[in-house]
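Enquirer: Structure here, sequence nowhere to be found:
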Ligand SMILES: Nc1nc2c(c(=O)[nH]1)N[C@H]1C(S)=C(S)[C@@H](COP(=O)(O)OP(=O)(O)OC[C@H]3O[C@@H](n4cnc5c(N)ncnc54)[C@H](O)[C@@H]3O)O[C@H]1N2
Ligand code: MOO
């Protein structure tokens, strides 16, 4: 048995005997059955987190396009113009009128600075970026560049590689079809057309579309602001483990992970195991989402549940039937901010990120004008190797995905990051385990 298999086996066996106690039960409280009544089924926990995301009420703001990336549209994106705004040549060649051969427009009179009104346009013909060209008489042709306005009377654009010029005569071995290589005005949208619904994330492509459609500023709902609180006196910010202390693996990981899931991380703070500092940080937070690491279990310095209890927070998810990570929790603080409590074991923290933080951040807040609904079901893939399961809980296992399926990785014990660092997804293995070939839901990692 490899080290991580042993670690898994131990975690599974431990979970079997000793489920976490909640802040409400405490040491010496009810036994496992009662502890587990507070546990959400894994799918239900993700749904509860998504609901919490939908219930957020972020302040709308109008920001320049350059600042809008990563936020969500507060209102639908409607076209402020037809696209294209005018009939446009799709190719470099000639605008032609009627069946060929055609007479080419006379080259412009060199004595005139601006020959735009000439049927031939400027010295290079009709170029992109100029005003309306003169009409093209039947039987005539004029050189035209991609993106230039089509002169009235044009029946097609003949690509430069399809025409032969002799003197002022243009011939085409094969005549272009009527309308060929002309992008008609409003082919993509008419002014006022709805391009995207409210709630859509502003991606680089959305920025491009918004600019093309005439927008200089966008009404957005800002990304949720997240604060990370790293708990644990044993954690070192740098150097090698020493004197029983270990490196903080979650401080460097959780903030960037939340950013990748759509949050704006304002701070990562190390609070040690100081209950008062935790209470003050939670009471005074200005973030939309607080993410704590560690301190979710029932040890003597596990302060998260007691702090939430003292603040009168609303516990929305109090433990989840998932391995690793079952002590994870989701709460609403009295001020309205959400709190995700990640367990301290590093892979258990990843499990909490993907089970609670990710659906909360990814689900768009419900807007008056609607918007995208909740995310659909997770994609599935066949397991390329059998995975031992937990008797009652979903198990999340790092996998590498290829076109044949999902290959489970080693080093997937709760305290290990070696598997997940090489993974591109976590497979959700149902209670009882998964045999090779069975289809399992996959949680893709944000950067995979
Ligand atoms: N009696 C029980 N004890 C525990 C149970 C249980 O069911 N009954 N569950 C275990 C499980 S599963 C987990 S996961 C942990 C969760 O514990 P906490 O969230 O309270 O986390 P800590 O106790 O603070 O730390 C656990 C472990 O992780 C290490 N850690 C913490 N933070 C970091 C960090 N930033 N970087 C690296 N490593 C970290 C910490 O040193 C501990 O080794 O509870 C079990 N106990
Ligand atoms: O199963 Mo825990 O939540 O060690 O990771």
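Expert: Right, received. Where do you want to start? Bear in mind the structure is a predicted one, so any value in this text is a computation, not a measurement. Ligands and ions are numbered 1, 2, ... in the order given.

Enquirer: all contacts plus neighbour counts: C-alpha atoms, from now on.
Expert: Noted.

Enquirer: Retrieve the pLDDT associated with residue 123.
Expert: For residue 123, the pLDDT comes out at 82.

Enquirer: what's the spacing between it and ligand 1?
Expert: 68 Å (Cα to the nearest ligand atom, to the nearest Å).

Enquirer: Ok, residue 214 next?
Expert: Distance of residue 214 to ligand 1, computed by Cα to the nearest ligand atom: 47 Å.

Enquirer: So for that residue, what's the nearest residue that isn't a sequence neighbour?
Expert: Nearest residue to residue 214, sequence neighbours excluded (Cα to Cα, 6 or more residues apart in numbering): residue 80, at 5.5 Å.

Enquirer: List the residues that contact the residue of the stretch 51-200 of the chain found nearest ligand 2.
Expert: As assessed by Cα to the nearest ligand atom, ligand 2 sits closest to residue 52 within the stretch 51-200 of the chain, at 22.2 Å. Counting by Cα atoms under 8 Å, 6 or more residues apart in numbering, residue 52 makes contact with 338, 360.

Enquirer: any idea which helix or strand carries it?
Expert: If you go by DSSP states H and E, residue 52 is part of helix 42-54.

Enquirer: Mind listing what's buried along that helix?
Expert: 42, 45, 46, 47, 48, 49, 50, 51, 52, 53, 54 (16 or more other Cα atoms under 10 Å).

Enquirer: nearest spatial neighbour of the last one, skipping sequence neighbours?
Expert: Right, residue 54. According to Cα to Cα, 6+ apart, the nearest residue to residue 54 is residue 365 (4.1 Å).

Enquirer: is it true that the residue nearest to residue 214 touches residue 194?
Expert: No - between residue 80 and residue 194 there is no contact under Cα atoms under 8 Å: 9.8 Å.

Enquirer: The two: which has the busier surroundings?
Expert: Neighbour totals were compared for residue 80 and residue 194, and residue 80 leads with 18 against 13 (other Cα atoms under 10 Å).

Enquirer: Quick check: that one vs residue 413, distance?
Expert: According to Cα to Cα, to the nearest Å, residue 80 and residue 413 sit 54 Å apart.

Enquirer: need the contact list for residue 76.
Expert: Residue 76 makes contact with 194, 195, 196, 197, 198, 199, 369, according to Cα under 8 Å, 6+ apart.

Enquirer: Show me which of those is closest to ligand 1.
Expert: Closest to ligand 1, out of all of the contacts of residue 76 and judged by Cα to the nearest ligand atom, is residue 199, at 33.5 Å.

Enquirer: Shouldn't the closest one be within a helix?
Expert: No - judged by DSSP: H, G, I helix; E, B strand; the rest coil, residue 199 forms no part of a helix; its state is coil.

Enquirer: Neighbours of it, how many?
Expert: Neighbour count for residue 199, taken as other Cα under 10 Å: 25.

Enquirer: mind checking how far the residue nearest to residue 380 when sequence neighbours are not counted is from residue 430?
Expert: Excluding its sequence neighbours, the residue lying closest to residue 380 (Cα to Cα, 6+ apart) is residue 441, at 4.2 Å. With distances taken as Cα to Cα, residue 441 is found 9 Å from residue 430.

Enquirer: Wait, residue 158 touches residue 93, no?
Expert: Yes - using Cα under 8 Å, residue 158 makes contact with residue 93 at a distance of 5.5 Å.

Enquirer: the more surrounded of these two?
Expert: Higher neighbour count among residue 158 and residue 93: residue 158, with 29 against 23, using other Cα under 10 Å.

Enquirer: The more buried one: which element?
Expert: Element membership for residue 158, per DSSP H and E: strand 156-159.

Enquirer: and that strand, which strands flank it?
Expert: Sheet pairing of strand 156-159 (DSSP bridges) gives strand 93-96 (antiparallel).

Enquirer: After the strand it pairs with, which helix or strand is next? Please name it.
Expert: Downstream of strand 93-96 (by DSSP H and E), the next one is strand 102-104.

Enquirer: same for that following strand, what does it pack against?
Expert: On a contact count with 3 or more Cα pairs under 8 Å, 6 or more residues apart in numbering; DSSP states H and E, strand 102-104 meets strand 140-144, strand 169-171.

Enquirer: Now do residue 66 against residue 434, distance only.
Expert: Counting by Cα to Cα, the separation of residue 66 from residue 434 is 47 Å.

Enquirer: the more surrounded of the two?
Expert: Using other Cα under 10 Å as the criterion, residue 66 and residue 434 rank with residue 434 on top: 21 against 10.

Enquirer: quick one: contacts for the more buried one?
Expert: Neighbouring residues of residue 434 by Cα under 8 Å, 6+ apart: 383, 386, 387, 388, 389, 440.

Enquirer: and if you look at residue 180?
Expert: Listed by Cα under 8 Å, 6+ apart, the contact partners of residue 180 are 155, 156, 157, 158.

Enquirer: Just the pLDDT at it, thanks.
Expert: Among the per-residue scores, residue 180 shows a pLDDT of 98.

Enquirer: Where does it sit, in terms of helix or strand?
Expert: Here residue 180 sits in a region with no helix or strand, counting by DSSP H and E.

Enquirer: Next one: it relative to ligand 1, how far apart?
Expert: Separation of residue 180 from ligand 1 (Cα to the nearest ligand atom): 63 Å.

Enquirer: cool, and residue 169?
Expert: 77 Å.

Enquirer: try residue 132
Expert: Distance from residue 132 to ligand 1, by Cα to the nearest ligand atom: 65 Å.

Enquirer: what sits against that residue?
Expert: Residues counted as contacts of residue 132 (Cα under 8 Å, 6+ apart) are 149, 151.

Enquirer: show me where pLDDT drops low in the stretch 251-400 of the chain?
Expert: Where the stretch 251-400 of the chain drops to pLDDT under 70, the residues are 367-375.
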